[in-house]
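Asker: Got a predicted model here, sequence first, then my questions.
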Amino acid sequence: MLASQRRSVILELVEESGAVKVSDLVERLGVSDMTIRRDIERLSSDGLLERVHGGALALGDARSSEEPGFSAKSLLQLAQKQAIARAAAQRVEVGSAIGISAGTTTYELARAVKDIPQLTVVTNSVPVAQLLHESGAPGQTVVLTGGVRTPSDALVGPVAVAALRALHVDLLFLGAHGVDDRTGLTTPNLVESETNRALVSSARHVCLLADSSKWGTVGLSTFADLADVDLFVTDDAFPERARAAAREVVGSLEIAEA
């Protein structure tokens with residue numbers, strides 16, 4: 001296959017799914033990792049896609065009502081998300097009941113706590129439930145809310161809300177599409193917003209996991225105020241001005257070294 005043909009295939013796959021991983025392209029196209037990375041770099045320089053760590057994303061407008069899929073978001077700020085997850089996981093005690101909302105940063109949190117025994121995990125995230133079901137430590141119990149599945153692999157709607165109203169967790173790990181000192185925590189999905197409010201109501205303490213790129217992003221619907229957050233864990237690229245604004249409102253701000 002010629003380089004131009006290979007790049008056409010890559011671009012087509014990105015446009016179809018919204019995101020591709022280098023490892024998947026290597027297997028599919030039968031070429032080296034470096035060849036794929038050069039192809040992605042060329043397509044990125046031509047303005048045809050966005051190059052990110054580990055793959056590529058389709059170009060798109062960042063509208064307040066736009067909701068990227070789980071696979072697309074999982075490629076963004078991966079090192080930061082993993083650092084945030086490692087830091088937040090230190091707050092989890094053996095035998096506790098925790099909530100984990102849907103999202104790619106919270107998925108990394110699930111990876112970081114999967115070896116902690118005797119946890120009860122309440123989640124509306126299909127990937128989180130699958131991960132803990134397949135590789136969780138002995139004695140872990142996973143409660144999946146049920147509901148209607150969104151593009152971000154969250155289970156939402158009245159079934160999820162009804163389940164959460166009957167449940168109570170010690171600590172909720174919460175993700176967000178956007179975080180802002182004026183609009184609080186936001187999401188593009190109105191129904192997911194309602195479900196996130198139910199998650200917050202179920203928790204004694206709320207821990208927000210959001211990388212620095214989320215600050216200043218405003219989605220369609222607010223589901224929590226910053227004042228509802230007991231602990232905000234973000235990465236070391238979080239701007240100083242934003243740190244000052246966050247510290248005025250949240251219970252505690254923790255900066256994870258990415």
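Answerer: Done, it's in.

Asker: Please count neighbours and contacts with C-alpha atoms only from this point.
Answerer: OK.

Asker: longest single helix anywhere in the protein?
Answerer: helix 3-17 (DSSP state H).

Asker: So which residues of the stretch 1-150 of the chain form helices?
Answerer: 3-17, 22-29, 33-45, 70-74, 78-89, 104-113, 126-135 (DSSP state H, counting those that start in this stretch).

Asker: Tell me who's in contact with Val128.
Answerer: Ile100, Ala102, Tyr107, Ala110 (CA atoms under 8 Å, 6 or more residues apart in numbering).

Asker: Could you report the pLDDT at the last one?
Answerer: Spelled out, it's Ala110. Note on Ala110: pLDDT of 98.

Asker: what's the domain layout of this protein?
Answerer: By the assignment in automatic domain parsing, the chain contains the domains 3-60, 73-256.

Asker: Can you add distance to Ser201 and give the helices of the stretch 1-150 of the chain back as CSV?
Answerer: CSV is the format used below for those (distance: least, CA to CA, whole Å):
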stretch, distance to Ser201
helix 3-17, 34
helix 22-29, 40
helix 33-45, 43
helix 70-74, 25
helix 78-89, 20
helix 104-113, 18
helix 126-135, 20
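
Asker: Point out the most buried one among those.
Answerer: Mean neighbour count (mean count of other CA atoms under 10 Å) peaks for helix 104-113 among the helices of the stretch 1-150 of the chain, with a mean of 24.

Asker: Now tell me which of the domains of the chain the model trusts least on average.
Answerer: Across those, the lowest-scoring stretch is domain 3-60, with a mean of 86.

Asker: Distance from that one to the middle of the chain?
Answerer: 22 Å (CA atoms, centre = their mean, to the nearest Å).

Asker: Stretch 147-155 now?
Answerer: 13 Å.

Asker: Kindly export that stretch (C-alpha atoms) in PDB.
Answerer: Provided in PDB are the C-alpha atoms of stretch 147-155 (Å, rounded to 0.1, in the frame of the first residue of the first chain):
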ATOM      1  CA  GLY A 147     -30.200   3.100  32.500                       C
ATOM      2  CA  VAL A 148     -29.800   4.400  28.900                       C
ATOM      3  CA  ARG A 149     -26.300   4.300  27.400                       C
ATOM      4  CA  THR A 150     -24.800   7.600  26.200                       C
ATOM      5  CA  PRO A 151     -21.900   8.100  23.600                       C
ATOM      6  CA  SER A 152     -19.600   8.400  26.600                       C
ATOM      7  CA  ASP A 153     -20.600   5.000  27.900                       C
ATOM      8  CA  ALA A 154     -22.600   6.400  30.800                       C
ATOM      9  CA  LEU A 155     -25.800   4.900  32.000                       C
END
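
Asker: how about that stretch: buried residues?
Answerer: Gly147, Thr150, Ser152, Asp153, Ala154, Leu155 (16 or more other CA atoms under 10 Å).

Asker: Next: stretch 245-257.
Answerer: In stretch 245-257, counting by 16+ other CA under 10 Å, buried: Ala246, Val249, Val250, Gly251, Leu253, Glu254, Ile255, Ala256.

Asker: Could you export those as TSV, including secondary structure and distance to Ala85?
Answerer: Listed next are the buried residues of stretch 245-257 as TSV, based on DSSP: H, G, I helix; E, B strand; the rest coil; distance: CA to CA, whole Å:
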residue	secondary structure	distance to Ala85
Ala246	helix	19
Val249	coil	22
Val250	coil	18
Gly251	coil	18
Leu253	strand	14
Glu254	strand	12
Ile255	strand	11
Ala256	strand	9
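
Asker: of all those residues, which comes closest to Val31?
Answerer: Ranked by distance to Val31 (CA to CA), the buried residues of stretch 245-257 are led by Ala256 at 36.2 Å.
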